[in-house]
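> Pasting the sequence and the predicted coordinates here, then a few questions.
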Amino acid sequence: MDRRFRFWIFLAAFSLVLLLPASAFAQSGKTVVVKQRDADITILENGDAQFTETWVVDFQRGSFTFAFREIPKNKLRDIVDFSVTEGDQTLVTRIDDSQDKIKFTWYFPETNRGANFFSDVHTFTLRYTVRGAMRIYPNGDQWWWKFVEKDRAYPIESARVILHLPATFALDQLRATTYTNSSETGGARVLDGQTLEFVGGAFPPQTEWEIRAQFPHVINAGPEEWQTWDDRVEQTAAQNNFYAVVLGIIILFGGPLLLLVLWYLFGRDKPATFQPEFLNAPPDDTPPGVVGTLLDERADLQDIVATVADLAQRGYLRIREGDAFGTPEYERTEKRDADLAPFEKQTLEALLRGNAMRRLEDVRGSFYEHLKELEYALYDEVVTRGFFPRSPLATRALYFAIAKWGALLIPTVGLCAYCATFIFAPLALFPLFALELFFIGLLGLSRVMPQRTEQGARAFAKWSAFKRYLASIEKYTQLDTVQEQFDKYLPYAIAFGLESGWIQKFKQTNTPAPKWYIPYAPRASDWTWRSVDDVRRRDETPTRGGSIFPSGTFPPTPRAPIFSDQADGSASAPSLNAAANNSFVALNSVSSNVFDFLNTSADAFITKPPTRSGAQDFLEGVGEVLNWISTHSGSSSSSSSSSSSSSSSSSWSGGGSSGGGGGGGSSGFG
């Protein structure tokens, strides 16, 4: 009883071992492998090609009842006499012939129904005749055929083609090669004067294999229409490629020269005869903000702050310390502003808004609304004074707009046109790329295209000499003998971006505070009483609202000026270009907060909610376009090198290097 029970258990387990693989395979889908696909092709004198193909197919998994082969008709006239046999049995076939392709389907008994573990191998023999697929040239006829098509989902382990020519030729008159995915791979040899052999494999799915042969012209037929069209396209493409390369070289090397000529004619200032080393005084009464715009061709924040300082220095404005920390308050004087330039009046109005006095916190966030207006006013002023024929901002904007739209249109319109006509000029990308580089260069050139008038060039030379004097004043004079120049020329130093060095040089002298700056007058609430013991224990820096001790006290000490000490112990003096930097500068221990108003004012003038500028968006867009162009041109060049890898382009009778034959298409099983 136990033995019989064990026997039935063993039998059931063995059955499961046999059945599980089949059921597992059935659940995992269909699998087919073509072990071998061979062909015997005979070319007739009229150009027809008779095919006998042998397909050894291993149906490894799943059930199959038919197979198909679909061939495009773009490079042949017709396919006739199609039949399929398996052994001695002729299989049922169906032919679907359309204008652009022909599809052959053959049917066979159902294979591998999933009931057994072993695969099912079938051998099919296909016979058909292809008409009008030869390339006919006076210097030699060519046979091209995509024997292994790309559009298939199954692998082919090996392929062998024997090609019989219509006559016998000398061996040195024959040429043969193969291409895998348009790249020449060899795999061809001449067996005798009338027979060629092509061998290849293995071929994974989505891999194309093409054979090519050439022999002396013996075909008794003329070129087909598709060949005439292909040859015309190839000749046109070769000619257009030559023009594209020449044009690209002209743009690539002529573009920088054109930019140089453009700047020389329309951006370069006329040479000025006045070229002194330095001037120790302003050459005229041009306001500092206007001078700053004249020199760097830009109206910016430091020009506006210089204008505020100049208005104060000329008596139209007073800067008053609003608290012991030196926070500025802006106060209008009784001096009339009838003699002020329009941009100076606008600056004064933007700062005070009709009030006699405004605090820093009132200015913060509101002055920013007038920044663009004040910059435009400065640009108008340099034009009114005859320094520029037109606003430098408008000049830069004009060239920038031309460059911007050119750089944007090349990758869009130009590439769209290229994609529509690339078969007639594959190298047309080269001049497009060179033209894109030209417009990118014009983007940079737009910054220096504002051109000064002759009067502006002379003024530029004079004010540059005065700037050199301020930058190296210790080289030309003793600082302790020209202390009055500090207050007088401070607005110009701000406009020139020299305020940091200017302050550092004068801070070692006993330079007094400017008359237009009113120090803070402390009130009782700004004094701090401390005990002697507290002073000894704590930091000396006082705080507002300290306690009054009943005994052991001493007279209060006013708030000390606030410094920004560096590692070496010297006070730092930040540039106005970093306007949001709230560090403080020190001329000396007495007048430190006098100059702090420069940075706090500049910070208040530009305070606004964070926004994103259109220039940033545009420059990022240009970067993406350049990256796209770089990627596209890279892939294009690699493709070009692939197709030109054929080493036989000079010795073939025509038809380019690859891809010139019929065949291809798709195939499959179901």
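Thanks, I have it.
> now Asp151, which residues is it bridged with?
Ser666 (DSSP bridges).
> So it is in contact with Gly663, correct?
No. With contacts counted by C-beta atoms under 8 Å, Asp151 stays clear of Gly663, the gap being 11.8 Å. The way it works is simple: take the backbone N, C-alpha and C, and place the C-beta from them, glycine included.
> of these two, who's got more company?
Using other C-beta atoms under 10 Å as the criterion, Asp151 and Gly663 rank with Gly663 on top: 21 against 13.
> Surely the more buried one is in contact with Glu210?
Yes. Using C-beta under 8 Å, Gly663 is in contact with Glu210, at 7.4 Å.
> Overlap of the contact sets of the two?
Residues within reach of Gly663 and of Glu210 at once, by C-beta atoms under 8 Å, 6 or more residues apart in numbering, are 145-147.
> Just the ones in strands from the residues you listed, please.
Secondary structure defined by DSSP state E assigns 145-147 of these to strands.
> out of the residues you listed, who's nearest Ala67?
For those, the closest approach to Ala67 (C-beta to C-beta) belongs to Phe147, at 16.4 Å.
> how near is that closest one to Leu409?
45 Å (C-beta to C-beta, to the nearest Å).
> and the longest helix seen in the chain, how far out from the chain's middle?
Ranked by residue count, the top helix of the chain under DSSP state H comes out as helix 225-266. Remark: helix 225-266 is offset 23 Å from the chain centroid, using C-alpha atoms, centre = their mean, to the nearest Å.
> what element comes up after it heading to the C-terminus?
helix 288-296 (DSSP states H and E).
> And that following helix, what does it pack against?
helix 301-313, helix 342-352, helix 371-384, helix 454-471, helix 484-496 (3 or more C-beta pairs under 8 Å, 6 or more residues apart in numbering; DSSP states H and E).
> Comparing these, which comes out most buried?
The highest mean neighbour count among the helices and strands packed on helix 288-296, using mean count of other C-beta atoms under 10 Å, belongs to helix 301-313: a mean of 25.
> Centre of the chain to it, how far?
40 Å.
> Give the residue spans of this structure that score low on pLDDT.
1-28, 113-119, 324-326, 420, 422, 513, 521-650, 656-660 (pLDDT under 70).
> Quick check: Gly187 touching Gly201?
No. Look at Gly187 against Gly201 with C-beta under 8 Å: they stay out of range, at 9.1 Å.
> number of nearby residues for Arg288?
In this structure residue 288 is Pro, not Arg. Neighbourhood size, Pro288 [other C-beta under 10 Å]: 26.
> Could you do Ala425 as well?
20.
> quick one: it and Ala238 touch, right?
No. Contact between Ala425 and Ala238 fails when scored by C-beta under 8 Å: they sit 9.5 Å apart.
> now the helices for the stretch 1-150 of the chain?
For the stretch 1-150 of the chain, the helices defined by DSSP state H, counting those that start in this stretch cover 2-27.
> all strands for it, in order.
With strands called from DSSP state E, counting those that start in this stretch, the stretch 1-150 of the chain shows them at 31-43, 49-61, 64-72, 78-86, 89-90, 92-97, 101-111, 120-131, 141-148.
> okay if I get those strands as a markdown table plus distance to Tyr492 and mean neighbour count?
Formatted as a markdown table, these follow (distance: least, C-beta to C-beta, whole Å; neighbours: other C-beta atoms under 10 Å):
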| stretch | distance to Tyr492 | mean neighbour count |
| --- | --- | --- |
| strand 31-43 | 86 | 19 |
| strand 49-61 | 89 | 18 |
| strand 64-72 | 79 | 19 |
| strand 78-86 | 90 | 16 |
| strand 89-90 | 104 | 10 |
| strand 92-97 | 89 | 12 |
| strand 101-111 | 82 | 17 |
| strand 120-131 | 89 | 17 |
| strand 141-148 | 79 | 23 |
